[in-house]
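Q: Predicted model and sequence below, questions to follow.
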Amino acid sequence: MDYVSPFDERRRTPEPLAPRPDELRGARVALLDINKRCGDQFLDRVEALLGDHGAHTFRLVKETFSKPAGPEIIRRIADRGDLAVEGLAD
Amino acid sequence: MSDEVVTAAPEFELESVAGGAMRLSDLRSDGPVLVLFVAEECPTSALTLRRLGRLVPSLAAAGVTVAAVFEDPLEVAARTARRAGFAATLLAEPPPYDVSRAYELSSVPTTVLVGRDGNLIGRVVGWDAGALEELIEEACGAPVAVTQESPMRKPGCAAKSTYDAQTLRLLDAGSGQDELEEMFERGWTDGLPVIPPTRERVEAMLGGRDPAASLGEVPPGMGEATLERVAACAVLAGCRPDYFPVVLAAAEAALEPAFNLGGQAVTTQPVGQLVIVNGPVRDTIGLNGAMGALGPGWRANMTIGRAVRLLVSLTGGGFPGRLDRAALGQPGKVGVCVAEDEERSPWEPLHVERGFDREQSVVTLVACDAPLSISDHRSRSPEELAAVLGWAAAGAWSTNWWPLGTRSVFVICPEHAELFRKHRWDKRRLREAMFTAVRRPAGELRWGETTPHVERARDEEPVTKWTSPDDIVLIVAGGEAGRFSAVFGPCLGMNDEIISREVRWTT
């Protein structure tokens, strides 16, 4: 029987993962707060731990947790950071 | 891995799920290729697709192309791979399975490694974790861990290329499977039986519209909403072709970025999409706004709401328990569509409030949780009834979440509406009375989880349930007798807007 699929059957090739860094010392780490309650507390702890390992951190905040990050935030992470940590919270 | 007799991998050209034909020489232009020969009905093939599917990103990073050759039709290949979470090149091999013969397959799954130079490097028959790990290491030039879960070894099923002519003819004649059961097999359902979207039914639904025209991508999985796929969802839901303009308008509204369907589709909240219909189309297609308006019982209401939800969960990939992460969900996520009873309403209808003419047919989408019934058979003044209606929503989201920070949709039944008509209350007056009635001192709300507003407020400071009277949305629907109104639960934190779209009749 010839049916019409409701699915978009196109397959998308997954993006390969970026190379993993060997160490954190000297790495520039973006800390992205998605703007949910307690996310800042979580990232404060992560920031302190990264500092102990010699990483340099910088913070960014999404406009809202319920929508994808805008291109400007992604560009800033890509331009300034070697790594990124996203703080999901509630 | 066994020693390979043939060194040159036989060239093939097969249809790809992504569209068009693909050759082995195309696949190996960037490096080695891991080819999995599989079949839909073989459990070991499914296990292999699931387990090797997890390694596809690592293999891609190492420059290895992965392709699955199905001894099945394209659509079966696509759905089997989707179920297995296998995201790589998918090819379909038709009977009499010449490619399988050329590779001398005895059973599926058989995994073959082809070098960039086109030579066969190795093959693994069945699921064999150790042998596959060796083969993959050879492909990548570095170890990639293959899962050590049980079973470590599992034999496969006979390749279809080994079937005799009589068996192949039987297969070709179809399995005789019940087609309603087949829809469940394919995953083309919300858990209820569906109408199979045959090409004839989908064409009737399209009514001459361009099947390839697109409304855009449907979050969260960003499947493209071609009119053909929207029509397939409408057929599956049980819509008649004359409902399709309403489904299309609802789909357009859902895909408006300000509606934030992506956020709604993946949240742990139990949010669904309430479809409200105004204007002449209600009568044209038999949408119910009277007795039992919130369902069940009326085909147009039930199936239009369901078509929208199937578009989100199938085309959009927002299926419960997968990308849809709702902790509980709610029955309204099967679909809710209601017509406003403009004729019994004392007020201007919703679409007129939103800037349309009364004679326009309009679909309005609102992100909503489940409805809560509000019974009041004794209020004699509009002030009393306004307070009862408003206080019914005091526990919306949570008893202490004040102000709510979003809207509440109230469905006012005709008998309740009649009281407001008698006292010449317009919508604005009712909204303001409800807004003013529902307030509590901050000190009484400061337990459990509360809002930042309440945390900052003085104990005696009154806090309202809504930020503004405009957060109270009113429509009229329901049976002429029975003083039961309803308020829909809210959707929070999604920065979503109410979206309205006119129903267009032209193709």
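A: Received, thanks.

Q: For the spatially closest residue to B:Leu206 that is not a sequence neighbour, give its distance to B:Gly216.
A: In this structure, B:Leu206 finds its nearest non-sequential neighbour in B:Ala231, 4.9 Å apart by C-beta to C-beta, 6 or more residues apart in numbering or on different chains. All C-beta spots, glycine's among them, are computed from the backbone N, C-alpha and C. According to C-beta to C-beta, to the nearest Å, B:Ala231 stands 16 Å off from B:Gly216.

Q: And B:Ala18, by the same measure?
A: Distance of B:Ala18 to B:Gly216, computed by C-beta to C-beta: 20 Å.

Q: got it, and B:Leu255?
A: 5 Å.

Q: Could you check which of the two is surrounded by more residues?
A: B:Leu255 (20 against 14; other C-beta atoms under 10 Å in any protein chain shown).

Q: residues in contact with the more buried one?
A: Taking C-beta atoms under 8 Å, 6 or more residues apart in numbering or on different chains, we find B:Leu255 in contact with B:Leu215, B:Gly216, B:Glu217, B:Val218, B:Ala225, B:Leu261.

Q: B:Glu137 is in contact with B:Ala131, correct?
A: No - B:Ala131 lies out of contact with B:Glu137 (C-beta atoms under 8 Å); the separation is 10.8 Å.

Q: Pick out whichever of these two has more residues nearby.
A: The neighbour count for B:Ala131 versus B:Glu137, taken as other C-beta under 10 Å, is higher for B:Ala131 (20 against 15).

Q: who does the residue lying closest to that one once chain neighbours are set aside bridge with?
A: Ranked by C-beta to C-beta, 6+ apart and with sequence neighbours excluded, the top spatial neighbour of B:Ala131 is B:Val124, at 4.5 Å. For B:Val124, the beta-bridge partners under DSSP bridges are B:Thr111.

Q: Let me see the contact set for B:Ser408.
A: B:Ala393, B:Ala396, B:Trp466, B:Asp471, B:Ile472, B:Val473, B:Val487, B:Phe488, B:Pro490.

Q: if we take those residues, which one ends up nearest to chain A?
A: Closest to chain A out of those is B:Pro490 (13.7 Å), distances taken as C-beta to the nearest C-beta.

Q: Is it correct that the closest one falls within a helix?
A: No - assessed with DSSP: H, G, I helix; E, B strand; the rest coil, B:Pro490 is coil; it does not lie in a helix.

Q: picking that back up, may I have the predicted confidence score for the residue nearest to B:Ala131?
A: pLDDT for B:Val124: 97.

Q: Tell me how far it lies from B:Thr189.
A: Distance from B:Val124 to B:Thr189, by C-beta to C-beta: 35 Å.

Q: who's more crowded, these two?
A: B:Val124 (24 against 18).

Q: For the more buried one, which residues are in contact?
A: Counting by C-beta under 8 Å, 6+ apart, B:Val124 touches B:Met1, B:Thr110, B:Thr111, B:Ala131, B:Leu132, B:Leu135.

Q: again, but for A:Cys38
A: Going by C-beta under 8 Å, 6+ apart, the list of residues near A:Cys38 reads A:Ala89, A:Asp90.

Q: how about low-confidence regions in the chain?
A: All of this refers to chain A. For chain A, applying pLDDT under 70 flags the ranges A:11-12.

Q: Sorry, I should have been clearer: chain B.
A: B:1-6, B:172-177, B:506-507.

Q: residue contacts, the residue positioned nearest the centre of it?
A: Chain B has B:Ser313 as the residue nearest its centroid, 1.1 Å off, counting by C-alpha atoms, centre = their mean. Contact partners of B:Ser313, counting by C-beta under 8 Å, 6+ apart, are B:Asp190, B:Phe319, B:Pro320, B:Asp324.

Q: so the third one touches B:Ala326, yeah?
A: Meaning B:Pro320. Yes - counting by C-beta under 8 Å, B:Pro320 touches B:Ala326, with 6.4 Å between them.

Q: any residues in contact with both of these two?
A: Residues within reach of B:Pro320 and of B:Ala326 at once, by C-beta under 8 Å, 6+ apart, are B:Lys333.

Q: Which of the two has more residues huddled nearby?
A: Between B:Pro320 and B:Ala326, B:Ala326 has the larger neighbour count (other C-beta under 10 Å), namely 19 against 13.

Q: Without its sequence neighbours, what residue ends up closest to B:Val363?
A: The shortest distance from B:Val363 to any non-neighbouring residue, by C-beta to C-beta, 6+ apart, is to B:Ala249 (4.1 Å).

Q: An error on my part: the question was meant for A:Leu32.
A: A:Glu86 is the one closest to A:Leu32 (C-beta to C-beta, 6+ apart), at 4.6 Å.

Q: now B:Val363, what's its secondary structure?
A: Per three-state DSSP, the secondary structure class of B:Val363 is strand.

Q: Then the one 10 residues further on?
A: Put simply, B:Ser373 is strand when judged by three-state DSSP.

Q: Now do the strands in the stretch 151-300 of chain B.
A: B:153-154, B:157-158, B:214-218, B:223-226, B:272-278 (DSSP state E, counting those that start in this stretch).

Q: deepest of those, which one?
A: Across the strands of the stretch 151-300 of chain B, averaging neighbours per residue (mean count of other C-beta atoms under 10 Å in any protein chain shown) puts strand B:272-278 on top, at a mean of 27.

Q: Give me the distance from that strand to the chain's centre.
A: Strand B:272-278 sits 16 Å away from the centroid of its parent chain (C-alpha atoms, centre = their mean, to the nearest Å).

Q: Can you give the contact residues for it?
A: B:246, B:250, B:254, B:261, B:264, B:287, B:304-305, B:308-309, B:312, B:330, B:332-333, B:335-340, B:342, B:349-352, B:356, B:361-370, B:409, B:475, B:488.

Q: Now the residue nearest to B:Val38 when sequence neighbours are not counted: which helix or strand?
A: The shortest distance from B:Val38 to any non-neighbouring residue, by C-beta to C-beta, 6+ apart, is to B:Ser45 (3.7 Å). Element membership of B:Ser45, judged by DSSP states H and E, is helix B:43-53.
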